[in-house]
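Student: could you work out the structure for the sequence below:
(4 chains)
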Number of protein chains: 2
Amino acid sequence: MENRKQAILRAVVHEFTTSAVPVGSQALQSRYFVNLSSATIRSELADLTDLGYLTQPHTSAGRMPTDSGYRYFVDFLMDLEPIPDRVHGFIADEMRKAPADVQGMVERVAMTLASVTQNASVASAPQGSFAHIKHVDLVSLEPKEVLLILLLEGNLLRQQVVSTSEPATQAQLTKLAARLNAALAAHSSDDARRHYDKAPLGLEKELLGRIITVLDLYEKGSESLVVHDGVRNLLRHPEFAESSRLTQVLEVLEETRYLTMLLRQLIGESNLQIVIGSENASSQLQGCTVVLTTYGPSERVKGVLGVIGPTRMAYSQTVARLQAVARQASDRMAELGV
Amino acid sequence: MENRKQAILRAVVHEFTTSAVPVGSQALQSRYFVNLSSATIRSELADLTDLGYLTQPHTSAGRMPTDSGYRYFVDFLMDLEPIPDRVHGFIADEMRKAPADVQGMVERVAMTLASVTQNASVASAPQGSFAHIKHVDLVSLEPKEVLLILLLEGNLLRQQVVSTSEPATQAQLTKLAARLNAALAAHSSDDARRHYDKAPLGLEKELLGRIITVLDLYEKGSESLVVHDGVRNLLRHPEFAESSRLTQVLEVLEETRYLTMLLRQLIGESNLQIVIGSENASSQLQGCTVVLTTYGPSERVKGVLGVIGPTRMAYSQTVARLQAVARQASDRMAELGV
DNA sequence: GTTGGCACTCTCGGGCTGAGAGTGCTGAAA
DNA sequence: TTTCAGCACTCTCAGCCCGAGAGTGCCAAC
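Tutor: Residues are numbered from 1 along each chain as shown, chains lettered A, B, ... in the order given. Purely as a prediction, here's the structure:
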């Protein structure tokens, strides 16, 4: 595409994302192209419309980008907006104040992201594809009821109440826990499974079975933690003035099953993913753009972090800030060993 | 108030809460008072308006209840709507499927409540005013870094990374954990504090200090867990058609600080609390009613469960279902020892 | 106290209209 | 060939009017 067309497309995207009003040839001329006439710009706009990058709500209105227009913009024209120091500082502060467990950390990350992008945010807890056991503990609740506490890599605590077929005292359980720790610490679920196969019938085998169940749940991610925040930010945007638009987004956010799926798709794919309007598989997200990236304490343990907003979002700012939050959150998590 | 006035007020509340349209004398006559003329009803309506229980959006519109009207209704006229078997069954199912930890349980309870009342819900985790320690565990992360795991009454797990001044091996930590367990198990934070005072300088005292910090945080509730769900249900109601109304509610829900305060007020007060429209301290909840009750596994460990909806809500149904969810959730938590 | 009758009030949707914004086209200038 | 001023045209939007409809308050009669 010629340079001038690109410049005009960039100007339309910039103007429309800030004002939310279809932008006309005169506005472009006076604000971006003073040494061009509005008629010239009009003919370029007509070309861009023919190419499918722009559209008008009605014949005598200004132009606004189509989904393809946004796509061209983010692929070829966008350069990341530098992040002000106070925003960097804000993110750092929030990360410093975040609690040292996964749940609390993920919630704080989602909150921070929503706040700095002024849109809704989603975050899934970082997860390795293999669970490694760091520590096992057993607490007697009732004579035949044991609380199994598992500490996984990433300081992730799991608990489960196990009803055993034979009674056990706390002393017996403590001894058993020590044995399990010696056998399992720093080992993967496959190792646990081998131990299970070898173990004689009895309490130890029962507990090993439950440990494997917990690890399976974790690895399949079927109980994965997904949080969202900042829905109120969406209401600032005129595209959500009538509530029906918001209903659809809320259905996606509050119905975590779909969200989990959406986020899981990204893991393993490219590091930054931008899904614009009709590119969304879900019909409820038409008119919305989802920007996703991965984050986590290490290369092997990754979660997904994302921003959801109207297609008319400040792309360069959103992407820059999303990446900044992801980076700082990852650093902080690595530091905390979370 | 005369019986007939009461009957008419009840009819207006019933009609308006189901239709959301101001109700006129003819509608009342044909549906509720066939042996009265509409003129008679009109004069009664005029009286009720003078008493401040009803209002009209404009002179030639029907009547709708004022906040005082709703107040009179819930105080004197409301009788709880029986709950259909399938709703009871649904609640029971959800409770059975809930995970056996506080976090998961609270989320499931909020979800269930939102679903059966078709409004937004809030829930805070049940909390005792005194924290009792059930079990302590120590895991070595780095030579001078220890993960402190506390199991509190209610199978509530707390974790905290502690940087120690002297290095310790896992074997030493295991021994220390056993000593702490013997000293602290089934003891309150006061006991922990006494132990701390007596302890000689060193690792044990450092860890005891952190244990006390965790208990303090828990007891002051400053890190208390509050979740909400079902915001999408609010969008069904015409009063949230334009988004500004929803913005305000979302600010309250997503800004958990205020919500925590609101919920904490209830603990210790009467078992059921209904806050109607202007009775809300928060200006953002004008036009909304909050219905709250307590729940929890035992008398000593209580959380708050609530429904937030428009003042025009089906009060008798909401209260009945809220209480049903609270009861079943409490039973389930007692059963799980959560 | 209750009721039918009646005049009155107010909203709401539809249709009309003029202002305004923005377009596409055309023919001339560079 | 590109640019551009001029112009006719299109479409929205806010404002206005208007009639239908819903509901009221009041009053006189029972």
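Student: average pLDDT across stretch A:181-192?
Tutor: For stretch A:181-192, mean pLDDT is 77.
Student: could you do stretch A:37-56 as well?
Tutor: 96.
Student: now do it: everything it contacts.
Tutor: A:1, A:4-5, A:8-9, A:12, A:22, A:25-26, A:28-29, A:33, A:62-66, A:68-69, A:72 (Cβ atoms under 8 Å, 6 or more residues apart in numbering or on different chains). Placement of C-beta: from N, CA and C, glycine included.
Student: same question, stretch A:96-111
Tutor: Here stretch A:96-111 makes contact (Cβ under 8 Å, 6+ apart) with A:94-95, A:121-126, A:154-157, A:225, A:227-230, A:295, A:303, A:305, A:325, A:329, A:332-333, A:336, A:338, B:103, B:159-161, B:223.
Student: among those residues, which ones are buried?
Tutor: A:94-95, A:121-126, A:154-157, A:225, A:227-230, A:295, A:303, A:305, A:325, A:329, A:332-333, A:336, A:338, B:103, B:159-161 (16 or more other Cβ atoms under 10 Å in any protein chain shown).
Student: can you narrow those to ones near DNA strand C?
Tutor: When these are checked against DNA strand C using Cβ under 7 Å from any atom of the strand, none falls in range.
Student: which of those residues fall in strands?
Tutor: A:121-124, A:156-157, A:227-229, A:295, A:303, A:305, B:159-161 (DSSP state E).
Student: closest to DNA strand C among those residues?
Tutor: The nearest member of these to DNA strand C, counting by Cβ to the nearest atom of the strand, is A:Ser121 at 33.0 Å.
Student: quickly list what that closest one is bridged to.
Tutor: Per DSSP bridges, the residues bridged to A:Ser121 are A:Asp229, A:Val307.
Student: show the contacting residues for it.
Tutor: The contact partners of A:Ser121, by Cβ under 8 Å, 6+ apart, come to A:Ala110, A:Met111, A:Leu113, A:Ala114, A:His228, A:Asp229, A:Gly230, A:Leu305, A:Gly306, A:Val307, A:Ile308.
Student: any idea which element the residue of the stretch 1-150 of chain A found nearest DNA strand D lies in?
Tutor: Using Cβ to the nearest atom of the strand, the single residue of the stretch 1-150 of chain A nearest to DNA strand D is A:Ser60, 2.8 Å away. A:Ser60 belongs to no helix or strand when assigned by DSSP states H and E.
Student: residues in contact with it?
Tutor: Listed by Cβ under 8 Å, 6+ apart, A:Ser60 has no contact partners.
Student: and the gap between the nearest residue to A:Asp137 once chain neighbours are set aside and DNA strand C?
Tutor: Distances taken as Cβ to Cβ, 6 or more residues apart in numbering or on different chains place A:Ile149 nearest to A:Asp137, at 4.2 Å, with adjacent residues excluded. To DNA strand C, A:Ile149 is 60 Å away according to Cβ to the nearest atom of the strand, to the nearest Å.
Student: cool, A:Gly287 as well?
Tutor: Remark: distance between A:Gly287 and DNA strand C (Cβ to the nearest atom of the strand) = 22 Å.
Student: cool, and A:Leu9?
Tutor: 13 Å.
Student: re the thing from before, okay, who's weakest in the ones in strands among the buried ones among the contacts of stretch A:96-111 by pLDDT?
Tutor: Lowest pLDDT among these: A:Leu156, 77.
Student: quick check: that residue vs DNA strand D, distance?
Tutor: 52 Å.
Student: which residues does that residue bridge with?
Tutor: A:Leu152.
Student: can you pull the contacts of A:Trp244?
Tutor: That one is not Trp; residue A:244 is Ser. Taking Cβ under 8 Å, 6+ apart, we find A:Ser244 in contact with B:Leu235.
Student: my bad, should have said A:Ala334
Tutor: A:Pro297, A:Ser298.
Student: please apply the same query to A:Gly306.
Tutor: A:Ser121, A:Val122, A:Ala123, A:Leu263, A:Val290, A:Val291, A:Leu292, A:Thr293, A:Leu322.
Student: circling back to that earlier point, buried members of the contacts of stretch A:37-56 into PyMOL, please.
Tutor: Of these, the buried ones go into a single PyMOL selection, burial set by 16+ other Cβ under 10 Å:
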select buried, chain A and resi 8+9+12+22+25+28+29+33+62+63+64+65+66+68+69+72
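Student: can you give me the helices in the stretch 1-150 of chain A?
Tutor: With DSSP state H, counting those that start in this stretch, the ranges of helices along the stretch 1-150 of chain A come out as A:3-19, A:25-31, A:38-50, A:67-72, A:85-97, A:102-117.
Student: spell out which parts of chain A neighbour chain B.
Tutor: A:99-101, A:103, A:134-135, A:137, A:139, A:141, A:145, A:147, A:149, A:151, A:155, A:157, A:159-161, A:174, A:178, A:223, A:229-232, A:235, A:240-244, A:246-247, A:250-251, A:254, A:336-337 (Cβ under 8 Å from any Cβ of the partner chain).
Student: mind checking which of these are buried?
Tutor: Of these, these count as buried by 16+ other Cβ under 10 Å: A:99-101, A:103, A:134-135, A:137, A:139, A:141, A:147, A:149, A:151, A:155, A:157, A:159-161, A:174, A:229-232, A:235, A:240, A:243, A:246-247, A:250, A:254, A:336-337.
Student: A:Asp93: neighbouring residues, count only.
Tutor: Number of residues near A:Asp93 (other Cβ atoms under 10 Å in any protein chain shown) recorded here: 11.
Student: what about the residue in the stretch 51-200 of chain A positioned nearest to DNA strand C, distance to A:Pro22?
Tutor: Residue of the stretch 51-200 of chain A nearest DNA strand C, by Cβ to the nearest atom of the strand: A:Ser60 (3.5 Å). Between A:Ser60 and A:Pro22 the computed distance is 10 Å (Cβ to Cβ, to the nearest Å).
Student: and what of A:Gly89?
Tutor: 37 Å.
Student: gap between the two ends of stretch A:161-170?
Tutor: Counting by Cα to Cα, to the nearest Å, you get 15 Å between the two ends of stretch A:161-170.
Student: what does it contact?
Tutor: With Cβ under 8 Å, 6+ apart, stretch A:161-170 has contacts from A:139-141, A:143-148, A:176, A:202-203, A:206-207, A:210, B:100, B:155, B:336-337.
Student: for that stretch, what is the distance to the chain centroid?
Tutor: Averaging C-alpha positions (Cα atoms, centre = their mean, to the nearest Å) puts stretch A:161-170 40 Å from its chain's average.
Student: show me where the stretch 201-338 of chain A has helices.
Tutor: A:203-220, A:231-234, A:243-254, A:256-266, A:315-336.
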